[in-house]
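# Curious how this folds, go ahead:
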Amino acid sequence: MRLQSRLLLILASLFIVMGGVVYYDSNMRLKNDYLEQENKLAVINIKRVINTMEASKQSLIQYTNAWSQWDEAYHFMVKKSDAFATSNFVPGTFISGKINFFLLYDAEGHFYFGKAYDLVNNEFMPIPEDLLAYLNDNPSFVMNTNVSATQAGIIPLQSGNVLLSSLPIITGDGKGPIHGSLLMGYYFTEANINAIAKATFINIKMLALPRNENDALWPILNTLKTEPYVIQAINPNFSYGYFLLNDIGHHPLSLLRIDLPRTFYSAGIATVHRHYLMIFLIGIAILITTWLLLKKFIVDRIMNVSEQISTIYTQGKFDKRIRPSGKDEINTLILSINSMLELIELTQEQLKYRVTRRTRELEKISALNRNLFTEVGQHKNAEAKLREDEKLLKKMAYYDTLTGLPNRAFFFELLLKTLESAEPGEKIALLFIDVDHFKRINDTYGHDFGDHYLKHIAERMQTSLCKHDISGRLAGDEMIVALGKITDKTAVNTAVARLLAHLAEPMTINKVVFNPAYSIGISMFPDDGTNIEELLRKADIAMYHAKKTPGNAYRYYSEIKDVSSTT
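Coordinates of the predicted model:
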């Protein structure tokens with residue numbers, strides 16, 4: 001291959017490799033960054049809608065407060081006055097406040113007085129029986145025991161959902177004693193949702209709750225049981241945000257969906273594509289410029305020298321000399337070649353035969369040396385690669401690739417040896433460790449962030465154990481530890497407390513500070529079982545009982561009262 005072709009191939013290869021690295025890095029980082037920012041913006045918009053709905057509740061509470069903290073209403077509850085009811089519970093009161101219901105309950109939670117008004121037909125209407133029945137079944141909503149108490153929420157009725165507030169009836173200066181509760185509210189309809197959408201400039205749609213698993217919204221409803229909201233990407237240009245509308249008992253009433261245009265993400269992807277094009281064009285320009293400079297200042301001059309030497313050699317005219325050019329290393333090479341030509345010219349006839357013969361011998365020896373050196377190098381490379389492959393296979397077979405802890409199979413192998421070698425009277429504690437809220441960390445910060453979180457936990461775990469202990473990773477966020485040389489539960493409590501104290505220390509990852517929490521289930525050998533399967537199952541059961549106590553709790557299987565209900 002000619003020198004020009006080699007240089008061009010090297011430059012092209014470098015361009016392709018560097019372009020691939022830049023493309024991969026940009027594709028991974030920039031797109032993920034744009035997606036993360038888009039999710040943050042979506043969360044902000046969802047919270048805006050939620051806050052606006054909460055503001056509607058607060059507005060109703062403020063309006064109710066003006067009536068509940070009023071001396072006339074206070075005295076009305078002491079002695080029902082027809083004049084008060086006639087002058088205040090008039091159509092104007094309902095229309096000006098956009099209120100459908102005005103209800104009064106005494107201090108014992110009994111219905112005292114009330115009226116309902118139809119804002120559509122502008123006429124009084126009967127108070128819905130199911131509303132009174134609902135309030136009768138929920139006395140805590142109509143009995144305010146504190147002068148500063150405020151309650152508000154949505155109540156589902158056959159005639160529609162009602163947003164209702166409940167405040168204690170007190171004097172104008174805000175003092176008691178409390179003489180009952182004042183409830184005011186209105187039908188919370190699609191018009192209210194549209195008003196919130198108009199106020200937030202976000203399209204909102206109220207959806208019925210899915211009733212079975214065949215409904216497309218069923219997975220979203222299941223997720224909303226544990227998460228405050230769900231963001232679902234529909235296509236590259238559009239996403240939906242979902243959250244629940246709950247009643248006063250925090251039971252789901254309906255599903256609210258907001259439209260989230262992916263403007264930021266689409267613009268980001270377009271920017272990434274322009275970024276790719278710019279890098280490609282700049283790379284091509286650099287490649288061409290570099291090639292032209294190399295060709296002009298190096299390749300062409302070397303080719304010129306090569307052609308002159310070839311002509312001298314072909315014609316056998318060693319009295320000719322190569323023309324110098326420049327004042328660099330190539331020119332030094334030309335002068336050296338000219339000196340050699342001069343020497344050759346002086347000794348050509350005397351040494352021609354010897355030089356020719358010796359040159360052939362040296363060429364053969366040089367070729368043999370090169371072949372031998374190449375074979376030795378290939379052999380060493382093969383041995384090194386074999387050793388590295390052996391180390392890698394061993395690590396993949398016995399250790400978890402993320403945390404470096406023994407994997408499930410290797411841990412069970414080590415545990416089996418420990419159980420078999422246990423002396424009479426010796427106990428072994430098996431700790432089933434679950435990392436609390438790990439899914440929330442993954443969903444919030446991404447799986448790469450979650451991997452770093454697990455690595456830090458594994459490092460802390462390894463530095464917290466004694467030489468008789470073994471640890472491993474079962475799967476996901478589930479870790480397992482076997483404490484050896486244990487005599488009683490006191491020693492286990494000490495070891496577990498030391499382990500939790502180290503694991504629960506604040507952790508900082510990418511400038512985000514966490515306070516890790518764990519749930520640990522403990523089974524004892526041989527008290528709870530004599531084989532790995534039984535010990536692991538019982539430690540898992542104990543761990544789920546530990547999760548009922550929030551924040552770094554551990555439970556022994558032997559301390560669980562109703563084991564049969566969990567097994």
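
# Who are the contact partners of residue 75?
Taking C-beta atoms under 8 Å, 6 or more residues apart in numbering, we find residue 75 in contact with 81, 84. For every residue, glycine as well, the C-beta is placed using N, CA and C.

# Run the chain-centre distance for the host helix or strand of it.
Element membership for residue 75 (DSSP states H and E) is helix 71-78. Remark: helix 71-78 is offset 56 Å from the chain centroid, using C-alpha atoms, centre = their mean, to the nearest Å.

# what's the longest helix along the chain packed up against?
Identified as the longest helix of the chain according to DSSP state H is helix 329-398. When contacts are defined as 3 or more C-beta pairs under 8 Å, 6 or more residues apart in numbering; DSSP states H and E, helix 329-398 sits against helix 300-315, helix 408-420.

# wait, what's in contact with the residue nearest the centre of the chain?
Closest residue to the average C-alpha location of the chain: residue 446 at 2.2 Å, with C-alpha atoms, centre = their mean. Listed by C-beta under 8 Å, 6+ apart, the contact set of residue 446 reads 32, 36.

# Give me the pLDDT value at it.
Looking at residue 446, its pLDDT is 90.

# Against residue 272, how distant is it?
18 Å (C-beta to C-beta, to the nearest Å).

# Please export the C-alpha coordinates of stretch 77-90 as PDB.
Written as PDB, here are the backbone C-alpha positions of stretch 77-90 (Å, rounded to 0.1, in the frame of the first residue of the first chain):
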ATOM      1  CA  MET A  77     -76.900  28.000  66.300                       C
ATOM      2  CA  VAL A  78     -77.800  28.900  69.900                       C
ATOM      3  CA  LYS A  79     -81.300  29.900  69.000                       C
ATOM      4  CA  LYS A  80     -82.600  29.200  65.600                       C
ATOM      5  CA  SER A  81     -83.900  32.600  64.200                       C
ATOM      6  CA  ASP A  82     -86.300  32.700  61.200                       C
ATOM      7  CA  ALA A  83     -85.200  36.300  60.600                       C
ATOM      8  CA  PHE A  84     -81.500  35.200  60.200                       C
ATOM      9  CA  ALA A  85     -82.500  32.400  57.800                       C
ATOM     10  CA  THR A  86     -84.900  34.600  55.800                       C
ATOM     11  CA  SER A  87     -82.400  37.500  55.400                       C
ATOM     12  CA  ASN A  88     -79.300  35.500  54.700                       C
ATOM     13  CA  PHE A  89     -80.300  32.200  52.900                       C
ATOM     14  CA  VAL A  90     -81.700  34.000  49.900                       C
END
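
# which residues touch it?
72-73, 75-76, 102, 104, 106, 112-113, 115, 169, 179-180.

# wait, which of these is closest to residue 25?
residue 102 (64.6 Å; C-beta to C-beta).

# host element of that closest one?
Element membership for residue 102, per DSSP H and E: strand 101-105.

# likewise residue 223?
Going by DSSP H and E, residue 223 is part of helix 218-224.

# Show me the contact partners of that helix.
Outside helix 218-224, the residues within contact range by C-beta under 8 Å, 6+ apart are 209, 210, 212, 230, 232, 242, 243, 244, 252, 255.

# Check those residues and tell me the two furthest apart.
The distance between the two most remote of these (C-beta to C-beta) is 21.2 Å, for 212 and 243.

# Helix, strand or coil: sort out residue 508 for me.
strand (DSSP: H, G, I helix; E, B strand; the rest coil).

# any idea how far residue 474 is from the nearest residue in space to it that is not next to it in sequence?
Computed as C-beta to C-beta, 6 or more residues apart in numbering, the closest residue to residue 508 that is not its neighbour in sequence is residue 514, at 7.6 Å. Distance of residue 514 to residue 474, computed by C-beta to C-beta: 22 Å.

# Who has more neighbours out of these two?
Counted by other C-beta atoms under 10 Å, residue 514 and residue 474 do not tie: residue 474 has more neighbours, with 19 against 14.

# Is the more buried one part of a helix or strand, or is it coil?
Look at residue 474: counting by three-state DSSP, its state is strand.

# So, low pLDDT: which residues of the stretch 251-400 of the chain?
326, 348-349, 351-352, 355, 376, 382, 384, 386, 388-396 (pLDDT under 70).

# What is the least confident helix or strand in the chain?
Ranked by mean pLDDT, DSSP states H and E, the weakest helix or strand in the chain is helix 329-398, scoring a mean of 74.

# Next, the angle helix 300-315 makes with that helix.
110 degrees (axes from the mean of the first three to the mean of the last three C-alpha atoms, to 10 degrees).

# quick one, which of the helices and strands packed on helix 329-398 is nearest to residue 377?
Among those, helix 300-315 sits nearest to residue 377 (C-beta to C-beta), with 28.2 Å.

# and the closest one, what does it pack onto?
Counting by 3+ C-beta pairs under 8 Å, 6+ apart, helix 300-315 packs on helix 3-68, helix 329-398.

# quick one: the last one to chain centroid distance?
What that stands for is helix 329-398. For helix 329-398, the distance to the chain centre is 55 Å (C-alpha atoms, centre = their mean).

# tell me the angle of that helix relative to helix 408-420?
50 degrees.

# With the first one instead?
Counting by the same axes, to 10 degrees, helix 3-68 lies at 70 degrees to helix 408-420.

# about what we covered before: give me the more crowded residue out of residue 212 and residue 243.
Between residue 212 and residue 243, counted using other C-beta under 10 Å, the more crowded position is residue 243 (20 against 6).

# one step back: now do the buried residues in the helix holding residue 75.
Neighbour counts using 16 or more other C-beta atoms under 10 Å place 73, 74, 76, 77 of helix 71-78 among the buried residues.

# separation between the second one and residue 173?
So the one you mean is residue 74. Residue 74 is 10 Å from residue 173, by C-beta to C-beta.

# so who does residue 469 touch?
481, 482, 483, 484, 495.
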